[in-house]
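Colleague: Test case, fold it:
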Amino acid sequence: MTPKDGSDTREKLLLAAVAVFAEKGYKAATVREICRRAKGANNNAVSYYFGDKAKLYALIIDIMFAEIERRMAAMIPPQPGDAAPPACPAPDYPDERLVLIPDGDRRDTASHPVLDHIPPAARLRAFLHAYCATLYDGGEVGDQFLRIFSREMLSPSFDLAAMNEKYVRPQTAWGMALMRDLMGPDVPEDVLRDALSCVVGQAAYYSFVWPVFKLAHPGHPGMGVHWPVLAERIFEFSMAGIAALREKYADSGKGDPQ
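Modeller: Numbers count the residues shown, from 1 in each chain. Purely as a prediction, here's the structure:
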C-alpha cells in the first residue's frame, strides 16, 4: 500500500463515519457499517487508522468544535504589525471547508489572539458569521456534522465532563468576556450569561427545528444560502438588546433593576 493509498482509505473511513454517525448516532453505529461504506476498507481499518470507534468519534467531535475557530480566524484581515497566525494543517478529509485544529492550538482561556485586537462589536460579528457558517455552510458533509452536533446537544454520547473541559468551557469563557466588553462593568454576571445564551441560541435555533420550520415557512431559501443574512440580522438584533441592557444597568447601578 502506498502512502497515497493509505491517505485515501483514511479519508474514506472518516467520511463514511460522519455519514453513519449522523444517521444512527454513536451507539447504534458499527465499525462494520463504516467500513462497508468506505468502499475497499476491511473491518480492521478503523482500528489501524484511528484506534477504535470511540477514538474515531472523538476525532469527529474535535473537528466539529474546532471549525468555528478556524472560520473566525479566516474572517479577520491581518492588522499592521500582527504576527502571522499559526497555519491550519491540511484538511483531514476532502471538504476543505472543514479543517481540524490540533489540541495544541485550542484556547483554554477567555482570550483569543486572532480576535482580541479588534473592537468588541467586530468580534461579535465575526463570531456570528463564523458560527452560522460552521452550522449551515458545509455542504452535504456539513449537514451530517450538523446532525451529529444536534444529536450530541440533545442526547450526549460523549463524555460530558471531557467535552465541557476541552470545548465548551473555553468557548464560553471567551463569549462571557466578549459580553462583558460589550455591556460594561455594571451588568451582573447572570445577565451576561443569559445575553450570551440569547445570541448563540438565535443562530443554533434552525439547526434543531429546521425540518418543521421549513414546512411552516415553505418560501424560505434554505440555510445553505440564507446563513450570511441570518448572521447579520442576529448581530443587529443582539447589538440593540446589548445597548438597552448596558444603558439600563448603567442607570440603576449593579443591582437588579426593579
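
Colleague: buried stuff in the lowest-mean-pLDDT helix or strand in the chain?
Modeller: In the chain, no helix or strand scores lower on mean pLDDT, DSSP states H and E than helix 160-163, which sits at a mean of 76. Residues M163 are the ones in helix 160-163 that count as buried (16 or more other Cβ atoms under 10 Å). Just so you know, the C-beta spots here come from the backbone N, C-alpha and C atoms, and that holds for glycine as well.

Colleague: Show the subsequent helix or strand relative to it.
Modeller: With elements assigned by DSSP states H and E, the helix or strand that comes after helix 160-163 is helix 169-183.

Colleague: buried stuff in that following helix?
Modeller: Counting neighbours by 16+ other Cβ under 10 Å, helix 169-183 gives 170-180, 182-183 as buried.

Colleague: now swap in stretch 198-208 and tell me
Modeller: Of the residues in stretch 198-208, V199, V200, Q202, A203, A204, Y206, S207 count as buried by neighbour count, 16+ other Cβ under 10 Å.

Colleague: Inside helices: which ones of the residues you listed?
Modeller: In helices, defined here by DSSP state H, the members of these are V199, V200, Q202, A203, A204, Y206, S207.

Colleague: which residues touch the third one?
Modeller: So the one you mean is Q202. Contact analysis of Q202 by Cβ atoms under 8 Å, 6 or more residues apart in numbering lists I234, F237, S238.

Colleague: Can you select the buried ones from the residues you listed in PyMOL?
Modeller: Buried residues within the contacts of Q202, by 16+ other Cβ under 10 Å, are selected in PyMOL with:
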select buried, resi 234+238
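
Colleague: Nice, that's everything, thank you.
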